[in-house]
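Colleague: Just to be clear, the model below is a prediction. Sequence and coordinates:
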Amino acid sequence: MKENIVNPVDGIYHATDDYVHALEVCGPGRQLFVSGTMGLDAKGTAPADLKDQLALIWQNIAHILSEARMSTANIVRVTSYLTKAEFAADNQSARLEALGTRRVPTTAIVVGTLDASWLVEIEVIAMAD
């Protein structure tokens, strides 16, 4: 699988250091579309703290990816659903920690969730050979 970052610099706003405008993926053999994942423990309980939920979300995503024989290195797209705009900085930090130096297209949207205890929900797309 080959990846090509697409970050035009003329005629468009600058992509910040934590994401890219687009990522072209050539020749993936497998694609994995991960449902919106919440910060729930194995019993289905959400901790009250945002950072604890974000840590669980990324732990849950890593578990799902592992089951598909992938890792966060295979993620090519991240969409975050935040219940409050002020969660954006902590969400960004958690994403950067989870992905390391990997930069992918990402979007954060402020929404209502189906359960008031879910502060953030994240979905990803991953691809592998």
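Modeller: Structure received.
Colleague: Next, please give the residue ranges for the strands of this structure.
Modeller: Assigned by DSSP state E, the chain shows strands spanning 2-6, 22-26, 30-38, 75-82, 106-110, 120-128.
Colleague: Identify the residues contacting the residue most central in space within the chain.
Modeller: Residue closest to the average C-alpha location in the chain (Cα atoms, centre = their mean): Val78, at 3.4 Å. Contacts of Val78 were listed using Cβ atoms under 8 Å, 6 or more residues apart in numbering, and they are 95, 99, 104-107, 122-124. Bear in mind the C-beta positions are built from the backbone N, C-alpha and C, glycine included.
Colleague: Mind checking which of these are buried?
Modeller: If you count burial by 16 or more other Cβ atoms under 10 Å, the buried members of the contacts of Val78 come out as 95, 99, 104-106, 122, 124.
Colleague: Thr83: which of those is nearest?
Modeller: Ranked by distance to Thr83 (Cβ to Cβ), the buried ones among the contacts of Val78 are led by Ile122 at 12.5 Å.
Colleague: Kindly state the pLDDT recorded for that closest one?
Modeller: In this prediction, Ile122 carries a pLDDT score of 98.
Colleague: repeat for the one 4 residues further on
Modeller: Here, the pLDDT recorded for Ala126 equals 98.
Colleague: again, but for the one 3 residues further on
Modeller: Among the per-residue scores, Asp129 shows a pLDDT of 91.
Colleague: close enough to count as contact, it and Gly29?
Modeller: Yes: with contact defined as Cβ atoms under 8 Å, Asp129 counts as touching Gly29 (4.9 Å).
Colleague: which residues are common contacts for the two?
Modeller: Counting by Cβ under 8 Å, 6+ apart, the residues touching both Asp129 and Gly29 are Met1.
Colleague: how near is Ser66 to Thr83?
Modeller: Distance of Ser66 to Thr83, computed by Cβ to Cβ, to the nearest Å: 28 Å.
Colleague: which one of the two has more residues nearby?
Modeller: Under the neighbour definition other Cβ atoms under 10 Å, Ser66 and Thr83 were set side by side, and Thr83 has more, 17 against 11.
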